[in-house]
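Participant: Everything below, folded, please.
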Amino acid sequence: MIRVPVKPELLRWARHRAGLGRSEFPARFKKLPEWETGRLQPTLRQLEGFARKVHVPVGTLLLDEPPEETVPIPDYRTVGSGPLRKPSPNLLDTIYLCQERQAWYQDYLRSMGAAPLDFFGSLTTSSDTRAAAEAMREKLRVTVAGRLKYGTPQKALSACIASAEKTGVLVMVSGVVGSNTQRKLDPREFRGFALADPMAPLVFVNGLDAKSAQMFTLVHELAHLWLGTSALSNLPSPSAPGIRREEVWCNAVAVEFLVPLADIEREIRPDEPVDEAKMRLSRHFKVSTLVVLRRLLDLGWIDYERFDASWSREVARYESVRRSGGGDFYRTAFARLSKPFARAVIADTLEGRTRYTDAFRMLGVRNPATLDRMASELGLAP
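Facilitator: Residues are numbered from 1 along each chain as shown. As a prediction, the model looks like this:
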């Protein structure tokens, strides 16, 4: 029996990277403690199984030392004043997958003779935030009154996503890595990210976050695209030491886009308790209570001490929020993929320009029958 000379520190690194304890491995890995101490080496088949479990390529496990992994886009996440933890495999793999999809779509658009989008990079952090929010609403054709007509945060979110996609932005909303429902994305680690490109800009929103919070993430990441920049974000933090100017600007634009100061001022009830006001206004504007608190602070309706106390309570509540990824398979799949992207890949595949194996990988499907059904759902003849 041939065994693979893998270094024990690589195995320990991969397991810790995946956040797994030894007890979380199936019985076929019962020799794992001996592998990690170097008393025994795994066979190639065992190493391949281990690599799949920890979501690491086999080749990485054969290196001399663990690689230094960093987020491949600007990381604007903050956790109070403390350092950020290392990115999880789920976060990294999600960014890599979206980058692969974006690269394919860039090539596709070039082959179609597409031109750069006029709004991309049209603003700077020196731009007035109210004017920026208005410019975004005008381009997206999303009015505050129109958005508030939708009965639920989910319907309002879906309408805004559709508007963004009409302007040329790929919007992908998912709570898992690819289509793997066993690899859930933790909203406490990240809420979303933007991948900048003048022809194929992409926004990813963590689908396990609350729907009202997803709305803020969507608009916040769109604001990054109006700046022409990529970014990884988490909570809509208030201005504080350590937060990048770009993130502060995008936060300010997003809250003005969703809850204009003049609009919330008309809805204020002077003697209403803060906890009642934030819930009522959250329902009315179909945004998170964090966005409402930020607007109440901007108005001077609450002082910073009351804001800070209420903000901390809401952050703790949001960190406990979880959402299932259930529902109709095809509706969920198109939300994860962005309909324009799915339509382009499927059409290109049916016309013979993209290989089925490549399409399966990018779409997260396994067989031609599923792809044909997706084509039918999109009105494409298989």
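
Participant: Could you use CA atoms for every contact and neighbour count after this?
Facilitator: OK.

Participant: Unless I misread the structure, Phe193 falls within a helix.
Facilitator: No. The assignment for Phe193 is strand, going by DSSP: H, G, I helix; E, B strand; the rest coil, so no helix is present there.

Participant: Which residues are in contact with it?
Facilitator: Counting by C-alpha atoms under 8 Å, 6 or more residues apart in numbering, Phe193 makes contact with Val203, Phe204, Val205, Glu221, Ser230, Ala231, Leu232, Ser233.

Participant: ok, 7 Å please
Facilitator: Val203, Phe204, Val205, Glu221, Ala231, Leu232, Ser233 (C-alpha atoms under 7 Å, 6 or more residues apart in numbering).

Participant: Quick check: pLDDT value at it.
Facilitator: Phe193 carries a pLDDT value of 97.

Participant: quick one, phi/psi of the closest residue to it other than its chain neighbours?
Facilitator: Nearest in space to Phe193, with sequence neighbours left out and distances taken as C-alpha to C-alpha, 6 or more residues apart in numbering, is Leu232 at 4.3 Å. Main-chain torsions, Leu232, degrees, to the nearest 10: phi -120, psi 130.

Participant: My read is that Leu232 contacts Glu189, right?
Facilitator: No. Leu232 is beyond contact range of Glu189, at 10.2 Å (criterion: C-alpha atoms under 7 Å).

Participant: coming back round to it: ok, the contacts of Phe193 vs Glu69, which is closest?
Facilitator: Taking C-alpha to C-alpha as the measure, Glu69 lies nearest Leu232 of the contacts of Phe193, at 15.3 Å.

Participant: circling back to that earlier point, tell me which two of the contacts of Phe193 sit farthest apart.
Facilitator: Between any two of those, the greatest separation by C-alpha to C-alpha is 12.1 Å, found for Val205 and Ala231.

Participant: between the two, which one's more packed in?
Facilitator: Ranked by neighbour count (other C-alpha atoms under 10 Å), Val205 and Ala231 place Val205 first, with 26 against 22.

Participant: hang on, that one is in a helix, isn't it?
Facilitator: No. Using three-state DSSP, the secondary structure at Val205 is strand, not a helix.

Participant: Just the pLDDT at it, thanks.
Facilitator: pLDDT, read off for Val205, is 97.

Participant: What of Gly242?
Facilitator: pLDDT recorded at Gly242 is 59.

Participant: likewise Arg313?
Facilitator: 83.

Participant: so what does the strand or helix carrying it touch, helix or strand wise?
Facilitator: Using DSSP states H and E, Arg313 falls within helix 304-319. Contacting helix 304-319 under the criterion 3 or more C-alpha pairs under 7 Å, 6 or more residues apart in numbering; DSSP states H and E are the following elements: helix 289-299.

Participant: Now do the buried residues in the helix it packs on.
Facilitator: Residues of helix 289-299 classed as buried: Thr289, Leu290, Val291, Val292, Leu293, Arg294, Arg295, Leu296, Leu297 (neighbour count, 16 or more other C-alpha atoms under 10 Å).

Participant: which regions of the stretch 51-200 of the chain lie under the pLDDT threshold?
Facilitator: Counting by pLDDT under 70, the stretch 51-200 of the chain contains low-confidence ranges at 79-84.

Participant: Walking through it, point out its strands one by one.
Facilitator: For the stretch 51-200 of the chain, the strands defined by DSSP state E, counting those that start in this stretch cover 170-174, 176-177, 180-184, 192-195.

Participant: Lys7 is nearest to which of those strands?
Facilitator: Counting by C-alpha to C-alpha, Lys7 lies closest to strand 180-184 out of the strands of the stretch 51-200 of the chain; the figure is 26.5 Å.

Participant: thinking again about what came up before, quick one: contacts of the helix holding Arg313?
Facilitator: Arg188, Leu290, Leu293, Leu297.

Participant: make it 10 Å
Facilitator: By C-alpha atoms under 10 Å, 6 or more residues apart in numbering, the residues outside helix 304-319 that reach it are 186-189, 209-210, 213, 235-238, 274-275, 278, 288-291, 293-294, 296-298, 301-302.

Participant: Give the next helix or strand downstream of that helix.
Facilitator: Per DSSP H and E, helix 304-319 leads on to helix 329-337 as the next helix or strand towards the C-terminus.

Participant: Just checking the distance from the helix or strand that Asp358 is a member of to the centre of its chain.
Facilitator: Element membership of Asp358, judged by DSSP H and E, is helix 356-363. Distance of helix 356-363 from its chain centroid, counting by C-alpha atoms, centre = their mean, to the nearest Å, is 21 Å.

Participant: So for that helix, what gets flagged as buried?
Facilitator: Quick answer for helix 356-363 (16+ other C-alpha under 10 Å): Tyr356, Ala359, Phe360, Met362, Leu363.
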